[in-house]
Each structure stands twice: as structure tokens, then as C-alpha cells.
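Asks: following is a predicted model, sequence given first.
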Amino acid sequence: MNVCYLDHNATTPIRPEAETAAVDALRRCGNPSSVHWAGRDARHTLEAAREAIATLVGAKPASVILTSGGTEANNLAVRGCRRPVFAAATEHASVLSAIGGIRTLPINERGLVDIEALDARLAAAQVPPLVSVMLANNETGVIQPVRAVAEIAHRYGAIVHCDAVQAAGKIAVNVGDLGVDLLSLSAHKLGGPAGVGALVVNGETPVEALVRGGGQERSRRAGTENIAGIAGFGAAVAVVTGGGGTDWRRIDRLRQSIEDGVRRICPSVAIIGEEAPRLPNTSCIAMPGVSSAVQVIRFDLAGIAVSAGSACSSGSVRDSHVLAAMGVGSEIARTAIRVSLGWTSREEDMNRFLDVWTDIYLKARATRPAETSVPETSATSMARLP
Amino acid sequence: MKTPIYLDYQATTPTDPRVVEAMLPFFSQRFGNPHSRQHAIGRQADDAVEEARAAIARLIAADPREIVFTSGATESNNLAIRGAARFAAGAAGARRHIVTCATEHKCVLESCRALERDGFSVTRLPVNENGLIDVGRLAAALGEETRLVSIMAVNNEIGVIQPLAEIGALCRARGVLFHTDAAQALGRMPLDVNAMGIDLMSLSGHKVYGPKGIGALYVRRRPRVRLEPLFAGGGQERGLRSGTLPAPLCAGLGEACRILEAEGAAEATRLARLRDRLLDAILDALPDTHVNGDMRHRVAGNLNLAFPGIDAEALMASVPDLALSTGSACTSASVEPSYVLAALGVGSDLAFGSLRVGLGRFTTDDDIDYAAGRLVAAVRRLRAGTVRHPPFHDADDLKSRHNAEHL
């Protein structure tokens, strides 16, 4: 069965250009730290990719620290600054759990960080903290007012980190325009390969290395560089900056069509975050009366890949911390699924999604109230929302 | 025979074409996130990751659940040493002493240094002039406070194999955790975590004809070794290592291990023959050549040769069609001799004249004959003073040599 992939926020298929670059680099040999021809060849590949990545975000190549991915970049930012940390309550787990004692910033019901609360917290802070606010949320697609956050935070001498993992490649991401000091990127969310990411350090912000050893990445990240991954990252980024990437207006229209579609079937459906600026590809849809776990299984059986709005670990269903922070009640949160579109999405995918969504919804409604409880059996097989 | 010839297999190995083939399907066809078990695309990727995990485990006689994927051996070493030391380090009675040795890889020494700054004490054992540690001396260094011993399996510069089973037995008897950096050992010698009493073992993809950007840490389950993660997040890898697993890279490391399982022993025999052929040819022509490091306890693919009176940098520059490396590491702008050779007691004159030759899977007899001829001729020319030392010290070059310290 042809799979209908609507989980691009978990990972998006690699761009052909990125695959070619990665495989080409894989077939060459050389450690970029070696002085001989093989090493120089690898170093050239590495630095060309670094330049492409810097261009994407309007930074200098020397400010790009290549990492093993977005999680490491976030950990490096949050732990490497050696400051107290204020983070939005809807941040990714790799920010919120990077270090103990993080103070979370409240989120309003639209999904946006409460600027006044941030200001008050900063005014009361004894030491200028690190403020970490993501550009776009992975579960809802909500876009934060990062520039405004950075302006306020800088007034109090704070360092500003922005997790732009989900935003990069979908909307403009420029460290200067955002006014941030640190910015995290991941290759596999924008059409590059998994296993590579970057922390962009704007200016002179000191960052203490997390992985120590050799002098790679200006002694801020030790370890032989993942040349193939980095080459793929560079090529994927070049597609974005070259304008040959995804037509996000088309994706936005496709998303609109499914949101309109589910609302036609069920006028009381909740689309979480829709009151706020959002990424053009993400929709967090709560189907009344049907748990997200059941929906995800039914979609999977129908060959459609989506993910649950609630993250699970160690076999227990837990409410999404993102939806909880927005004040979404757990009755609704437990029925939310994430639908995320990407460069391979087509109109027929939307139709297939809508057909199955309708089918699940109507069947559940027909059997109610007998079978509306949240099932527990499927929980063990579910991973945390990537 | 094709020139140039790559003879730097300890720095990195070419990715085996079979490994590349095994990786290809996971780039664009089976592209899923392996943690998205809730849908078919994710499960396909996860299945591949688990198969790879099992292949790695088989090669070291471990349980697949004891394998944690990382971005490479540097991360594995950081996670093992700092993670083991820091876990429950604040608890009453926590042990705060680490034992390692002078010839360890830079990332092991740096991890230990980071712990020292946090109040741990570190003993750095010297090595004998053959590069091996004295197990009696290790025994004497262990105390009530000792939490971890980190001794590498095979040295990256001189290829010598440390007595792992003896170290493991000693550590077990004394209730101390044993970590070994086996980046240079995997597939080049038999490794058995149980027979050798190993609790933590670091592995690398790109040293075993797999891709760069992937490695693994073996973490013993019985008795369970507890670690504090280096970075946190989604809780992948049993909470020890968060972050999306790169399915193509995992599949590549798995395939590399499968190939080693089938071919590693035969490959070592072939490489020992080639290595001896190279050494014989050089010793016949240049009898004063000295081999750094023990020849009996040594992996097959490594030679570290000292040519008295020769500047190895000049020698390398005069054979640009061979990819070799010096044993020397660089700190700041000044070139210093290798700390590994210094630990062996090799004088700095001889250390400056030392060259690492790394042989591997794609090295042929013809390559060896050619390389031997080129090296002998170059040494003779340099000794006759008929060539001037090529200009080395432009800024770029110094920078890249500065980076060459940790291979």
C-alpha cells in the first residue's frame, strides 16, 4: 500500500540533492583533520557546507558549530551557557530537560509566550539568565514572537537561545532579524539527513563544550565530523536558500483544505493553535470523543502516518506538555493528533486523510457512548513524539 | 595500482561499498524516524536500527539491549567516563577517583580533566617503553575511592593492544568499573565483553569501514552500570542518549559489523602479512629504522616507524602521493612531539622522525611495494641532503596540523 506520509515534523524525506551530496561524500575517504589530500578533500566538503548553513540563517561560517542534531544543539546551548535558564513551557524536551532547575515561562491560550510575564521574571532575576524560546512549536506549529522576546531579554542582559529546528526551511530564519544569540538547527527536519545539526553562535556568546576531546569545531564540539551528513545538510540548505524548495503557499492551501474538511464533518472540532501565527504545514486536530491513540492506530492501518498529540513513555499515556501549557483540557488534549505536511505532500494525500478521519469519527459517533473511553493497550508501542 | 595511496587507516577508513549499499534504502525510501513506532514508515526504520544494534552486539558478545548508539567514539568516551563518574556522585560514599593511562586518546584525557575540575582525582598511569601498561602498577593505583578505570584496547598511534582480560579481572575483583575505548580495536582483534570483564566499551563507525557520525557505547546490564546522560531530551536509547537516531548511519554501522564478523579474522591475517612485507622492505634498505610500540601485542594494520635523523613532516611532504600521518600532535602554533611517543620514552629527535603507517581493507601488495620504495628513496634523499625541506608553515597548514592532534 502506498503510504500517505503526514508526519513531516517527525522527519521529512531527504531531498534528492541532499542524498546525492551525502552519498557522494560517503564514497570519498578522509578525516578533515588529516593534513594529506584525503583530509583536505573532506575539510573542503565540511567548510562548503558550513558556509551554506551560515548563509541560511544570515550568520558567519565561523559561528556555526556542527553537532549530531537538534537535541545536542539544544543541550549545548542550555548547558553550555552556565546561566540560570528561563524557557517557554512549550519548548521541546531537549530544552526543558537539558538541565535541572529550568524555570518555565507561561504560555497563553493561543500558544504564545506571555511577554509581560517574561518581563516581570527578568526584572526579578538576580543573575541575567539564558532565555530559551523556540521559533515554531513541533506539535502545534505556533510561531513565537522571538524578536520581541529577544529585545526584552537583552534589556536585562540575558542571553537568548532560539530552537529553530521546526521553523528552518519553512519560514525565514535569520539570527540578525530575530536578534538571538544562539540558534539550533536540525538537518533532517529540512530535507537533509538525520544525525546532524548545528548550534549557531551569533557574536561572542561563550559556550562551553559538551563533548570534549580534539580541537574540532573550534574546540566547542569534539569528534570526527560526520562529513556525509554535513554535506547533505549543506545541500538541503542550499535548496532552501536557492528558492528551489517547497512551495509553502501550496502546503498552506493543502492544510487549509483538511482543516476546512474536518470542520465540515464536525463543526465542534478543535484545531489547536489556529488563533496564533503558525507554520504553514502543521495542524493539531482534536477529534471529539476519540482518543489520539485510537486514531493513530486507525490511520496507520489505513496507510496514513500521523502522530499523537500526547507523548508516551514507559507505557503510560501522558498528556502533551505543550497542550497542557496552552490550557487545553486533558479531555481535548487526549484526542489531538498532529498532522504535518511537507515537500512530498499532494492533494490526494489530503483526500485520503479526510476520508479516513471522517470514517473514524462517524464510526465512533455511531457507537457512542459505549466506547469513548481512552484505551490503554496501545500505549506501550508508542514512542515519544519526535 | 592506483595512486595516490591511502595509508592512514587509523585516522579514518573508507566506507566499504557494501556499507554504502546497506545505507542507501534508509535515505529516501525508508526514510522514517525510528522513534515513530506508531506508523509503518517509522517501524521500518526502527527495525533496521534494531537489526544493526544486534549485529554490533554479536561482534562483542553483548546483548543488543546493552548497545547505546552515539554520534561516535568521542561522544561514547565522554558519556562513559563523565557519565559513570557523575552518576550519583553527590551521594554519600560516592567514589571520586578515576584511573587512566598516559597514552589514551585526547577525548579520554579531556573527559578526565573535566572531572578533575569538578573535584574528582585522576591517576594517569605511565606505560612501559613498548606502550603497554604494567598491570601490577594498575593494581597498586586502585583504592577504596576508585570508581572507574579507563584503558584503551588499541592505541591509535602505535597500535598496541593492552591486556584487557587481565585489567577486567583486576577491576572486577576490586569492584571498580572498567571502561575501554575500543575504537581502534573493533574487528581487528577478538572482543568479548564478558570474557574480558568490560563494563563500558566505546566503538566508532568510521574506524571500521562504516560512516562517520555514528558510534556506540556498550553499557553492561548485569550488574547494571548506571550513567548520567551527556544530553537529555526525548529519552531515546533508554534515556542514556536523547536525539533522533540516524537510521542510515545505524544501518551502516550494523553492516560494517556484519562484514567484520565474517571477514575480520582473515583480514587481520592478510594485513599482518602486508605489514611484515612493508617492514621487511624498509628494514632491509634502512636497517636503523626503529618501530615504536610492541610488535607482538599489536593490531595488524599499524606501523609506527622512526627514521633517525629524519624530520617526518619533511618525509611526508616528499611523498605526497602517500597519505600518511606523523605521530606528532600540534598544540598552538608550535609543533610538539606526540605525547604517546613521549610516554614510551621515545626521545623528541626520534619522535620528530616518526611516521604512522595505517594499512587496511583496500591496501594491496602493489600498494605496499610502491609505498616501501617511495619511503626508502625519500629517506635516502633526505639523508643525502639532496632535497630541501618543503615549505610547510603557511597559516592554513598550521591550522590543519593543529587539528590533527586527535585522530
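Replies: Alright, I've got the coordinates.
Asks: is there proximity between the longest helix along chain B and chain A?
Replies: Ranked by residue count and defined by DSSP state H, the top helix of chain B is helix B:247-285. Yes - residues of helix B:247-285 are located near chain A by Cβ under 8 Å from any Cβ of the partner chain, namely B:A247, B:P248, B:L249. Backbone N, C-alpha and C define where each C-beta goes, glycine included.
Asks: filter those residues to the buried ones?
Replies: B:A247, B:P248, B:L249 (16 or more other Cβ atoms under 10 Å in any protein chain shown).
Asks: looking at it, the first one is touching B:E50, isn't it?
Replies: No - counting by Cβ atoms under 8 Å, B:A247 does not reach B:E50; the two are 10.5 Å apart.
Asks: show me how far stretch B:180-195 is from its chain's centre.
Replies: Relative to the centre of its chain, stretch B:180-195 is centred 10 Å away, using Cα atoms, centre = their mean, to the nearest Å.
Asks: mind listing what's buried in that stretch?
Replies: When neighbours are counted by 16+ other Cβ under 10 Å, the buried residues of stretch B:180-195 are found to be B:T180, B:D181, B:A182, B:A183, B:Q184, B:A185, B:L186, B:G187, B:R188, B:M189, B:L191, B:V193.
Asks: what's across from the second one in the sheet?
Replies: According to DSSP bridges, B:S202 are recorded as the beta-bridge partners of B:D181.
Asks: OK, contacts around it?
Replies: The contact partners of B:D181, by Cβ atoms under 8 Å, 6 or more residues apart in numbering or on different chains, come to B:A73, B:S76, B:N77, B:E104, B:H105, B:V108, B:S150, B:M152, B:A153, B:M201, B:S202.
Asks: what is the neighbour count of B:R296?
Replies: For B:R296, the neighbour count with other Cβ atoms under 10 Å in any protein chain shown is 8.
Asks: what's the neighbour count on the residue of the stretch 51-200 of chain B found nearest chain A?
Replies: For the stretch 51-200 of chain B and chain A, the shortest gap (Cβ to the nearest Cβ) falls at B:C107, measuring 2.6 Å. Residues within reach of B:C107, counting by other Cβ under 10 Å, total 26.
Asks: could you check which helix or strand contains it?
Replies: Element membership of B:C107 [criterion: DSSP states H and E] is helix B:106-117.
Asks: helices or strands next to that helix in the packing?
Replies: Under the contact criterion of 3 or more Cβ pairs under 8 Å, 6 or more residues apart in numbering or on different chains; DSSP states H and E, helix B:106-117 touches helix B:73-86, strand B:97-101, strand B:121-125.
Asks: what's the spacing between that helix and its chain's center?
Replies: On the basis of Cα atoms, centre = their mean, helix B:106-117 is displaced by 17 Å from the centre of the chain it belongs to.
Asks: show residues contacting the helix or strand harbouring B:L375.
Replies: Remark: B:L375 resides in helix B:365-384, with elements defined by DSSP H and E. With contact meaning Cβ under 8 Å, 6+ apart, helix B:365-384 is reached by B:1, B:3, B:5, B:7, B:274, B:277-278, B:281-282, B:285-286, B:307, B:309-311, B:314-315, B:318-319, B:321-322, B:355, B:357, B:359, B:387.
Asks: related to what we said a few turns ago, packing partners of the longest helix of chain B?
Replies: Going by 3+ Cβ pairs under 8 Å, 6+ apart, helix B:247-285 lies up against helix B:17-23, helix B:25-28, helix B:40-59, strand B:302-306, helix B:365-384.
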